[in-house]
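> Sequence and predicted structure, then a few things I'm wondering about:
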Amino acid sequence: MTTDLHQGPLEASFAKTKPSGRERRRARRRRRVWFEEILAWVLVPAILVGCYWMVELTLNALGTSTGAVVNGLSTIRSAL
């Protein structure tokens with residue numbers, strides 16, 4: 001009866017198992033979050049610089065500058 005019992009340390013199983021669906025989804029989500037973070041760090045400054053250039057080009061096309069617009073707005077504000 002005692003011959004059926006395992007008397008030594010347990011043997012490690014080195015069989016590689018496929019990740020479950022939940023683990024694969026978690027890995028995809030983690031990769032997507034990193035990609036979105038990197039994309040945001042690149043795109044947000046590019047969009048802000050692009051908006052600044054568009055405002056500058058529009059004001060130059062109208063024959064004015066940002067300084068003149070700010071002075072005009074402060075004049076209007078002080079008149080109120």
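Sure thing, it's come through. Numbering: from 1, shown residues only.

> what residues does stretch 60-71 touch?
Applying C-beta atoms under 8 Å, 6 or more residues apart in numbering, the external contacts of stretch 60-71 come out as 55-56, 59. Any C-beta I mention is one placed from the backbone N, CA and C, and that applies to glycine too.

> Mind checking which of these are in helices?
55-56, 59 (DSSP state H).

> and the residues you listed as a markdown table, adding neighbour count?
Compiled in a markdown table, these are given as follows (neighbours: other C-beta atoms under 10 Å):
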| residue | neighbour count |
| --- | --- |
| 55 | 12 |
| 56 | 12 |
| 59 | 15 |
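
> need those in a markdown table with distance to residue 10 and pLDDT, can you?
A markdown table is the format used below for the ones in helices among the contacts of stretch 60-71 (distance: C-beta to C-beta, whole Å; pLDDT from 0 to 100):
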| residue | distance to residue 10 | pLDDT |
| --- | --- | --- |
| 55 | 70 | 94 |
| 56 | 71 | 94 |
| 59 | 76 | 94 |
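
> Turn these into JSON lines, columns for distance to residue 21.
Below are the ones in helices among the contacts of stretch 60-71 laid out as JSON lines (distance: C-beta to C-beta, whole Å):
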{"residue": "55", "distance to residue 21": "49"}
{"residue": "56", "distance to residue 21": "51"}
{"residue": "59", "distance to residue 21": "55"}
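
> ok, of these, which one's closest to residue 32?
Proximity of those to residue 32 (C-beta to C-beta) peaks at residue 55, which lies at 33.2 Å.

> ok, now which ones touch that closest one?
Contacts for residue 55 (C-beta under 8 Å, 6+ apart) come out as residue 66.
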